[in-house]
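In: let me see the structure of the following:
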Amino acid sequence: MLLKRFSENYQVFDESYGYLFNSYYNSLGQRIERQNRGLITRPVVETIYKYRAHVNNAMVQLLETSLTEDLEKLTILGINHEQQHQELLLSDLKYTFSCNPLYPKYSDQNFISQNNVEPGWLSVNEGIYNIGYDGNDFCFDNELGHHRVFLEPFEISKSLVTNGDYLEFVEAGGYTNPKYWLDVLD
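Out: Residues are numbered from 1 along each chain as shown. Have a look, this model is predicted:
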């Protein structure tokens, strides 16, 4: 999207990719209907690597020769958008693995254990807190709406909640006591 708009001599890698990879944006032209996104094949990995190298090289050249404030903001937005694609790709892959009766693993590495090491609880005092993004650089749209809120005092775990923690909560009958999951006062 940026290269077509900002680079005078940009040549697309493959004209069909505009349709093939557009499952959302009507403004970009013809697109695959959302419910049919999973029904078509995509190019092989080697071709995608070539496509990515083509786009990366063109972006580097564009940013080195034609960087404007508008292009910089749109590039930052695009990078964050691509990070969301990576998260979705991993989520889709893990979901697909969960449907496989052989239960393949994405990885043997435990990504939580290195970060989930501090025991105990963090106390948050009651009071008025400013929440929401209050700046001029990039943020996601769901972070907007800087405003004040009043919070009652509470405690939150210093560590990440694991699937094991959640299972323990369910098996201990946590959902039979609304004080643990409804906004109610004791």
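
In: rest of the way, CA atoms for contacts and neighbours
Out: OK.

In: the bottom helix or strand of the protein by mean pLDDT?
Out: helix 17-20 (a mean of 86; mean pLDDT, DSSP states H and E).

In: so what touches it?
Out: Leu28, Gly29, Gln30, Arg31, Ile32, Arg42 (CA atoms under 8 Å, 6 or more residues apart in numbering).

In: now do the strands in the protein.
Out: Counting by DSSP state E, the chain has these strands, from start to end: 121-124, 127-131, 147-151, 154-157.

In: for the ones you listed, could you give me a markdown table that also reports mean pLDDT?
Out: As requested, the strands of the chain are exported to a markdown table (pLDDT from 0 to 100):
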| stretch | mean pLDDT |
| --- | --- |
| strand 121-124 | 95 |
| strand 127-131 | 97 |
| strand 147-151 | 96 |
| strand 154-157 | 92 |
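
In: do you know which of those strands lies nearest Asp92?
Out: Ranking these by proximity to Asp92 (CA to CA) places strand 154-157 first, at 28.5 Å.

In: what's next to the closest one, contact-wise?
Out: Residues contacting strand 154-157 (CA under 8 Å, 6+ apart): Pro119, Gly120, Trp121, Leu122, Ser123, Val124, Asn125, Glu126.

In: got these as TSV, with distance to Leu20 and neighbour count columns?
Out: What follows is the contacts of strand 154-157, written out as TSV (distance: CA to CA, whole Å; neighbours: other CA atoms under 10 Å):
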residue	distance to Leu20	neighbour count
Pro119	48	10
Gly120	49	11
Trp121	49	12
Leu122	48	12
Ser123	50	12
Val124	49	12
Asn125	52	11
Glu126	52	11
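
In: picking up where we left off before, distance to Arg52 added to the strands of the chain, as a markdown table?
Out: Formatted as a markdown table, the strands of the chain follow (distance: least, CA to CA, whole Å):
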| stretch | distance to Arg52 |
| --- | --- |
| strand 121-124 | 44 |
| strand 127-131 | 38 |
| strand 147-151 | 40 |
| strand 154-157 | 41 |
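
In: right, so of the ones you listed, which gets closest to Ser91?
Out: Nearest of those to Ser91, taken as CA to CA: strand 154-157 at 24.9 Å.
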